[in-house]
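*Asks:* Whatever this is, show me its structure:
(2 chains)
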Amino acid sequence: MERRSFLGLIGSALGLTAFGTMAYPLIRYLAPPKPKLQKGRQSFSKTDIGDAKEIVYQQTPTIIINRPGKGYIALARVCTHLGCLIEYDRDKKRLVCPCHAGMFDLEGRVISGPPPEPLLTFPLRVEGEEITIG
Amino acid sequence: MWQKLKDGIDHRIGLNELIDSKLREYRVPGDTNIFYTVGIVTVVAYMIQAVTGYFLLMYYIPHPDHAFQSIQDIMTVIPYGWFIRMIHIVAANLMVALVFIHLVSIFFMGNYKKPREMTWLAGGVLLLITLAFCLSGYLLPWSQRSYWATTIVTNIPTAFPVIGDFAVTILRGGDSVSGVTLTRFFSLHVGFLPPLFLSIMGLHIFLVWRIGLSVPPSSPSAKEQKPWTGYAKVNYSKSYPFYPDFVLKESSMILLFLTVTFLIMSFLPTLFLPETATTPADPLRTPPDIKPEWYFLAPYQMLKVIPNKFLGICIQLIAIVVFMLWPWIDSGDERNISKRPVLLTLFLLLAVLWIVLTFWGRYS
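*Replies:* Numbers count the residues shown, from 1 in each chain, chains lettered A, B, ... in the order given. Below is the predicted model:
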């Protein structure tokens, strides 16, 4: 290898190292740590929920629905297509995304439209008159 | 393939031709010293300030209820936030030092003389804008030091009769330093000063480029009486190309600047961050030992020493005007300061006075 090429190679390697050393902190800087989520549960009374209630659980917009004949379920309202918040259509008993008309049944499964996955489900427990999510 | 890509791009934009005509054929006098590279290091320092400042903007909240906490979050919660902010603080101080060194070296070598009067004037304006950057950036962390140092500085115009109080209201956006002052200084720091600085810097660099670098007054070439741009021409024998030769020298100085920045960050992290800079602003309690930054210590001490505030400020304003117009005041042909004992003595006296006032201000 020629002296000039060798020096060029060393120079490029050092330059790349320096660039990487500066770029790494800058990229890490752009991703702040996630805020600490409140661990634990949230409880509601059945009267409070009614046939459906929108809440925020662990910073995720969530809906608790009283499914006719099947009991309560807690679903994330975040559409699995592009992240819009779904709405509960009480008459047709389904969940509809206003952005691209994605539709989910009350189990969170995709009925139609572009969503690739079912809605996220949160664990839920019913004890007497109290409903606990988490 | 790489070569083909380079050739393809060059065929379209003519980069090689541009480098040849504007950089390789552009000559730098052979007897230039390291002080000729300080200007470009200052430009790099400014670029570092712009980049780190931009990143700080992503998390900083310019509101009195959140500013201090957002800075603390940048320092302790955001990954590498401390790194970015420390570079911003240290490089800001070094940038002021570099501008001072640049101006003193230009003055010492008589490089402000004809035809470089406008270059000097633009450089002087850049110094004032740099200080305005420091002053406006100072308040943003909303610490005790920020708050009270800004209170003191924005109170200075009260020395002027009739317009003094009005000027203070304009500066602060009210009677005292408040959230309005914070947003005002913030907009000045990130919105108004950067384009102003860039345009004056553009003019400064254009003038340096057009006229060419001067030869030091002590070198034999200085006696050759070349035309203005003669030393930058390719046919000037005692010279070397701007690129790559001079760029390499400049790169070494830029690396030295970065080394000093990282040394201070690593081994003297609190050099520019005293305790009052890490305490939240309290408008009801003035800290006992409030001092301005090192570059404002001399004017600060001067105002303390001179009993009449109006007189003290007038002296400083006159000094600034004389400094800016110096090339027209000192318009003689002799550039070599060693052959001008009066000017040399005056220069040394002023330098000593500046240093004494700075130390006096720091430890008084």
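*Asks:* tally of neighbours for the residue of chain B found nearest chain A?
*Replies:* Per CB to the nearest CB, residue B:80 is where chain B lies closest to chain A, at 3.6 Å. From N, CA and C alone the C-beta is placed, and that goes for glycine too. If you count neighbours by other CB atoms under 10 Å in any protein chain shown, residue B:80 ends up with 17.
*Asks:* Give me the phi and psi angles of it.
*Replies:* Backbone geometry at residue B:80, expressed as degrees, to the nearest 10, gives phi 60, psi 20.
*Asks:* list the contacts for the nearest residue to it once chain neighbours are set aside?
*Replies:* Among residues not flanking residue B:80 along the chain, residue A:25 sits closest, at 3.6 Å (CB to CB, 6 or more residues apart in numbering or on different chains). By CB atoms under 8 Å, 6 or more residues apart in numbering or on different chains, the contact set of residue A:25 is B:79, B:80, B:83, B:84.
*Asks:* The first one: neighbour count?
*Replies:* Residue B:79 is surrounded by 16 other residues when neighbours are defined as other CB under 10 Å.
*Asks:* Kindly list the main-chain dihedrals of it?
*Replies:* Taking degrees, to the nearest 10, you get phi -60, psi 130 for the backbone angles of residue B:79.
*Asks:* my guess is residue B:26 contacts residue B:239, does it?
*Replies:* No - shown here, residue B:26 and residue B:239 do not form a contact pair, counting by CB atoms under 8 Å, at 9.5 Å.
*Asks:* ok, back up a step: adding pLDDT, write the contacts of residue A:25 out as JSON lines.
*Replies:* Output for the contacts of residue A:25, formatted as JSON lines (pLDDT from 0 to 100):
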{"residue": "B:79", "pLDDT": "96"}
{"residue": "B:80", "pLDDT": "96"}
{"residue": "B:83", "pLDDT": "96"}
{"residue": "B:84", "pLDDT": "96"}
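*Asks:* which pair in the residues you listed spans the largest distance?
*Replies:* The most widely separated members of the contacts of residue A:25, counting by CB to CB, are B:79 and B:84 (10.0 Å).
*Asks:* what residues are shared contacts of the two?
*Replies:* Counting by CB under 8 Å, 6+ apart, the contacts common to residue B:79 and residue B:84 are A:25, A:29.
*Asks:* higher neighbour count, residue B:26 and residue B:239?
*Replies:* The neighbour comparison of residue B:26 against residue B:239 (other CB under 10 Å) goes to residue B:239, with 24 against 20.
*Asks:* State the distance from that one to residue B:41.
*Replies:* Using CB to CB, to the nearest Å, residue B:239 is found at 22 Å from residue B:41.
*Asks:* next structured bit after the longest helix seen in chain B?
*Replies:* When chain B is parsed with DSSP state H, its longest helix is helix B:81-108. Downstream of helix B:81-108, the next assigned helix or strand under DSSP states H and E is helix B:117-139.
*Asks:* Check which helices and strands the lowest-mean-pLDDT helix or strand in chain A sits against.
*Replies:* Every helix and strand of chain A was ranked by mean pLDDT, DSSP states H and E. The lowest is helix A:46-49, at a mean of 86. When contacts are defined as 3 or more CB pairs under 8 Å, 6 or more residues apart in numbering or on different chains; DSSP states H and E, helix A:46-49 packs onto strand A:60-67, strand A:130-133.
*Asks:* Can you mark which positions in it are buried?
*Replies:* residue A:49 (16 or more other CB atoms under 10 Å in any protein chain shown).
*Asks:* buried ones in the helix or strand following it?
*Replies:* Next in sequence after helix A:46-49, counting helices and strands by DSSP H and E, comes strand A:52-57. The neighbour-count check on strand A:52-57 (16+ other CB under 10 Å) flags A:52, A:53, A:55, A:57 as buried.
*Asks:* what ranges do the helices span in chain A?
*Replies:* With helices called from DSSP H, chain A shows them at A:3-30, A:46-49.
*Asks:* Mean pLDDT lowest where, among the ones you listed?
*Replies:* Lowest mean pLDDT within the helices of chain A: helix A:46-49, a mean of 86.
*Asks:* Not counting sequence-adjacent ones, nearest residue to residue B:88?
*Replies:* Of all residues not flanking residue B:88 in the chain, residue B:52 sits nearest, at 4.2 Å (CB to CB, 6+ apart).
*Asks:* pLDDT value on that neighbour, please?
*Replies:* 96.
*Asks:* With residue A:38 instead?
*Replies:* The per-residue pLDDT reported for residue A:38 equals 65.
*Asks:* And residue B:96, by the same measure?
*Replies:* 96.
*Asks:* Do I have it right that it meets residue B:295?
*Replies:* Yes - assessed by CB under 8 Å, residue B:96 is found in contact with residue B:295 at 4.9 Å.
*Asks:* Mutual contacts of these two, please.
*Replies:* Here residue B:96 and residue B:295 have B:131, B:134 as joint contacts, going by CB under 8 Å, 6+ apart.
*Asks:* When those two are compared, which one has more neighbours?
*Replies:* A side-by-side neighbour count of residue B:96 and residue B:295, using other CB under 10 Å, places residue B:96 first with 21 against 18.
*Asks:* Contact partners for the more buried one?
*Replies:* When contacts are counted by CB under 8 Å, 6+ apart, residue B:96 touches B:130, B:131, B:134, B:295.
*Asks:* Now rank those by neighbours and give me the top one.
*Replies:* Using other CB under 10 Å as the neighbour test, the contacts of residue B:96 are led by residue B:130, with 23 neighbours.
*Asks:* how close does that residue sit to residue B:119?
*Replies:* 16 Å.
*Asks:* Thought residue B:188 was touching residue B:136, still the case?
*Replies:* Yes - here residue B:136 reaches residue B:188: they are 4.6 Å apart, a contact under CB under 8 Å.
*Asks:* And residue B:234, what's its pLDDT?
*Replies:* pLDDT, residue B:234: 61.
*Asks:* same check, this time on the one 3 residues further on
*Replies:* pLDDT, the model's per-residue confidence, is 68 for residue B:237.
*Asks:* Please point out which parts of stretch A:84-94 sit buried.
*Replies:* Buried-residue list, stretch A:84-94, by 16+ other CB under 10 Å: A:86, A:88, A:94.
*Asks:* From those, pick the one nearest residue B:318.
*Replies:* Using CB to CB, residue A:86 comes nearest to residue B:318 of these, at 70.9 Å.
*Asks:* for the closest one, what are its contacts?
*Replies:* A:63, A:77, A:78, A:79, A:95, A:96, A:97, A:98, A:102, A:104, A:119.
*Asks:* a markdown table please, covering those and showing distance to residue B:361 and neighbour count.
*Replies:* Compiled in a markdown table, those are given as follows (distance: CB to CB, whole Å; neighbours: other CB atoms under 10 Å in any protein chain shown):
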| residue | distance to residue B:361 | neighbour count |
| --- | --- | --- |
| A:63 | 65 | 22 |
| A:77 | 61 | 20 |
| A:78 | 59 | 17 |
| A:79 | 63 | 24 |
| A:95 | 69 | 25 |
| A:96 | 69 | 18 |
| A:97 | 65 | 24 |
| A:98 | 64 | 11 |
| A:102 | 68 | 23 |
| A:104 | 70 | 23 |
| A:119 | 66 | 24 |
